[in-house]
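[1] Any chance you can model this:
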Amino acid sequence: MTEPLTSADFHVQHGAFGAYGSFNLGKFGATGGFVVHDGRTPGSDDVYVGILREDGDLCLLPFFKAAGRGTEAFAVREEGKELHVHPYPANRVERRLGWGTDRWEAGELNLRLDTPLWTVDDPIQGEGADFARSILPAVTGSLRIDNRSGACPILAIVGICGEELGSSFHEGDGFKAWTRQGREGIAVDATDAIPFAGFSLEKCLGRNLLVRAPHVLGACFGFAVPVAAGQEITVPLAFGWHVEGRATTGLETTYAYRRHYEGTVPVLQAALGQSNERAARADAMDRELVGRVASPERRFLLAHASHAYLACSELLRESDGRLAYVVNEGEYCMMNTLDLSVDHAFFEAEFFPWVTANVLDLFLRRHSFTDRVKLPDGGTQTGGLSFCHDMGVRNVFSESGTSCYEIPEKDRCFSQMTSEELCNWILLAGIHGLSEVGKGWLARNLDTLQVCQESLLVREHPDPDCRKGWFGTDSDRCGGGVEITTYDSLDASLARARGSLYLSVKTWACHLALEKVFRAAGREEATWVSEQATRRFAAAIEEVPKLENGCLPAHFTGSTSAILPAVEPLVYPWWWGDADAVALDGRFSGMIKRLREHLEAALMPGVCLSPDGAWRLSSTSPMTWMSKSFLVQAVMERILGLPVDATVDEVHARWQREGVGSWGFTDQIVDGKDVGSRLYPRGVAGWAGLKV
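    Have a look, this model is predicted:
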């Protein structure tokens with residue numbers, strides 16, 4: 001069993017693999033509910049879960065903003081017949097969030113939602129029953145009401161009230177369901193459940209346990225389930241959705257689950273049929289995470305992040321039958337942002353590594369290009385292969401060779417990320433291709449990786465004699481602007497690509513991957529080229545003068561900033577098993593020791609350590625990116641042998657529950673307040689530290 005949380009007042013996205021939808025719940029006094037085929041908000045539904053007593057007292061978990069919507073336009077309250085609608089007091093609501101379960105307890109009420117994560121086999125082997133189960137677009141759970149000590153009957157209530165009309169009731173063998181616009185709905189497995197619908201709960205329910213006949217002109221709908229005095233009941237629940245038609249344009253697709261489920265009602269029926277299996281899997285996940293991670297705050301962060309990733313995932317079927325996998329970038333809804341994809345891969349490697357290969361192939365097929373590079377003297381030369389920042393936005397794929405984000409003539413946000421995205425594709429190829437399951441993919445892409453190697457070298461500098469161990473060019477796609485990195489919202493310490501210490505270490509890791517790949521393939525010259533490059537980049541990092549505070553400068557070309565992500569790329573060679581490359585006494589011991597010293601100096605008060613113990617990515621910016629902090633933690637603990645103060649997990653977990661609780665998992669935070677990257681999937685980067 002997971003621990004009760006000190007604060008229960010925060011949203012969690014309860015999603016399903018590949019279904020790009022979620023049922024969001026948890027923030028007190030706020031809307032949540034269904035978010036389907038979109039990711040910009042945590043939802044606009046009031047969610048009603050509670051108990052109605054004979055005297056009209058309706059006590060609900062506090063997941064609603066108001067008791068009704070829009071009633072004044074249609075009816076006037078009848079004096080003396082109103083319900084007394086109120087939330088359970090916050091101090092009476094106990095919550096436990098696990099890796100697979102989310103549970104609330106208030107008095108005689110117990111609600112749980114299950115979000116099981118399955119190992120999803122590569123569908124190239126076939127889409128059988130296990131695959132169909134894995135991509136079911138639904139969340140299951142249960143509502144338990146304990147009236148054993150009660151002297152009077154009560155009604156268990158579950159329902160929602162949103163902004164959209166168009167609800168319809170369905171009944172079948174073992175289930176009753178409401179759907180809205182045929183796209184989303186709720187279902188119960190209770191033969192005596194009484195359906196209701198209307199303008200508000202006050203118009204649906206009354207004193208003496210009255211349930212009025214459904215009035216579907218209203219936007220409120222749900223179920224009332226009788227609970228006799230002295231009785232305890234458990235009602236299985238399902239929240240499901242189904243997008244029937246075209247899922248994306250640009251690249252025409254439908255959702256992959258459509259082959260297995262014909263609509264929302266079949267989805268809900270299947271979900272209820274699987275509810276026991278899903279609950280058992282969710283419970284097992286909770287126990288597994290407890291066994292793998294000692295810190296309850298670290299467990300919370302990993303569980304919270306896992307929920308967000310699932311809610312952002314989208315498995316699509318192209319017109320020719322091929323599958324295309326997308327992870328949407330939280331509230332921004334950008335599709336397969338490559339600098340997120342490379343961090344998701346640690347999580348994917350454990351459960352569904354084939355999706356990483358799918359993303360690699362889709363980038364190569366549709367969102368790659370060749371360019372020219374701008375030299376410091378103003379000239380240009382042939383560049384090479386690279387990859388776009390993303391594949392599109394809000395279910396619209398960008399044209400081949402383009403992203404929705406990158407434009408010319410910029411030097412900060414929205415500029416080109418050409419050099420870093422080349423690194424990201426190579427590292428993604430290393431994570432997958434150097435694994436046991438990725439050998440076949442790697443063999444098919446050796447020539448492409450050699451083209452990538454050539455492009456890396458040119459971006460350092462086209463002239464071999466001018467290569468210094470950092471990127472010295474910009475893509476001509478920048479026009480009059482300059483290239484940036486994934487840290488686009490930070491200051492120049494991390495945002496600028498040319499001369500970046502962070503990208504220098506990342507490029508070193510890329511050449512290390514290429515060296516390992518080409519040596520295994522017997523490509524001796526390519527092996528030698530990357531071997532020389534790793535030495536050159538390591539030497540540059542060893543030789544750069546330290547700042548007065550003992551840190552390495554963020555840029556080789558002049559900087560007074562210290563940055564935590566300088567060590568981030570060490571996680572990649574460690575992940576694919578090159579322990580010697582990152583060992584303090586290995587072949588790059590000088591560089592590794594320097595980076596270790598740099599990190600120790602950076603995590604001092606007033607540098608990258610904030611007064612409350614949280615981490616800042618740069619000494620000259622107040623920004624914290626949770627996912628990137630998780631990668632740095634993995635490097636500290638698993639590679640550099642440095643202890644991580646438990647305070648950082650405590651602060652980061654508290655921020656997620658309290659500072660940014662109106663959303664799901666949030667990545668970009670300043671002093672406990674969200675500033676961007678909400679409902680974000682990249683927190684699963686923390687899975688890097690769990691590799692055995």
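
[2] Could you use CA atoms for every contact and neighbour count after this?
    Noted.

[3] quick one: contacts for residue 19?
    By CA atoms under 8 Å, 6 or more residues apart in numbering, the residues touching residue 19 are 37, 135-137, 255, 257, 311, 313-315.

[4] would you turn these into a markdown table with pLDDT and neighbour count?
    Converted to a markdown table, these look like this (pLDDT from 0 to 100; neighbours: other CA atoms under 10 Å):
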| residue | pLDDT | neighbour count |
| --- | --- | --- |
| 37 | 97 | 21 |
| 135 | 97 | 22 |
| 136 | 98 | 25 |
| 137 | 98 | 30 |
| 255 | 98 | 24 |
| 257 | 98 | 25 |
| 311 | 98 | 33 |
| 313 | 98 | 24 |
| 314 | 98 | 25 |
| 315 | 98 | 21 |
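
[5] Which of those fall within helices?
    residue 311 (DSSP state H).

[6] Quick one: the helices in the stretch 551-692 of the chain, in order.
    571-575, 589-602, 626-638, 646-654 (DSSP state H, counting those that start in this stretch).

[7] Residue 494 is nearest to which of the ones you listed?
    Closest of these to residue 494 is helix 626-638, at 12.4 Å (criterion: CA to CA).

[8] quick one: contacts of that closest one?
    564-565, 567-568, 570-571, 615, 617, 642-644, 652, 666-669, 682-686, 688-689.

[9] could you flag which of the residues you listed are buried?
    Buried positions within the contacts of helix 626-638, assessed by neighbour count (16 or more other CA atoms under 10 Å), are 564-565, 567-568, 570-571, 615, 617, 652, 666-669, 682-686, 688-689.

[10] Low-confidence ranges, this structure, go.
    Applying pLDDT under 70 to the chain picks out residues 1, 66-81.

[11] before we move on, back to that, could you say which of the helices of the stretch 551-692 of the chain is packed most deeply?
    helix 626-638 (a mean of 23; mean count of other CA atoms under 10 Å).

[12] just how off-centre is that one within its chain?
    16 Å (CA atoms, centre = their mean, to the nearest Å).

[13] okay, it in CSV with CA atoms only?
    Listed next in CSV are the C-alpha coordinates belonging to helix 626-638 (Å, rounded to 0.1, in the frame of the first residue of the first chain):
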residue,chain,number,x,y,z
MET,A,626,11.9,18.6,-13.3
SER,A,627,12.7,16.1,-16.0
LYS,A,628,16.2,17.4,-16.5
SER,A,629,16.8,17.4,-12.7
PHE,A,630,15.9,13.7,-12.7
LEU,A,631,18.5,13.0,-15.3
VAL,A,632,21.2,14.9,-13.3
GLN,A,633,20.1,12.9,-10.2
ALA,A,634,20.6,9.6,-12.1
VAL,A,635,24.1,10.8,-13.2
MET,A,636,25.0,11.8,-9.6
GLU,A,637,23.8,8.6,-8.0
ARG,A,638,24.5,5.9,-10.5
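
[14] Now do that helix against helix 589-602, angle only.
    120 degrees (axes from the mean of the first three to the mean of the last three CA atoms, to 10 degrees).

[15] Just want the angle from helix 626-638 to helix 646-654.
    Going by the same axes, to 10 degrees, helix 626-638 makes 160 degrees with helix 646-654.

[16] Quick one: the strands in the stretch 551-692 of the chain, in order.
    623-625, 668-670, 673-676 (DSSP state E, counting those that start in this stretch).

[17] which helices and strands does the second one pack with?
    When contacts are defined as 3 or more CA pairs under 8 Å, 6 or more residues apart in numbering; DSSP states H and E, strand 668-670 sits against strand 623-625, strand 673-676.

[18] Reformat those strands as TSV; add distance to residue 272 and mean neighbour count.
    Formatted as TSV, those follow (distance: least, CA to CA, whole Å; neighbours: other CA atoms under 10 Å):
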stretch	distance to residue 272	mean neighbour count
strand 623-625	38	23
strand 673-676	36	17
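
[19] Using a markdown table, please lay out these together with distance to residue 421.
    Shown next, in a markdown table, are the helices and strands packed on strand 668-670 (distance: least, CA to CA, whole Å):
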| stretch | distance to residue 421 |
| --- | --- |
| strand 623-625 | 19 |
| strand 673-676 | 21 |
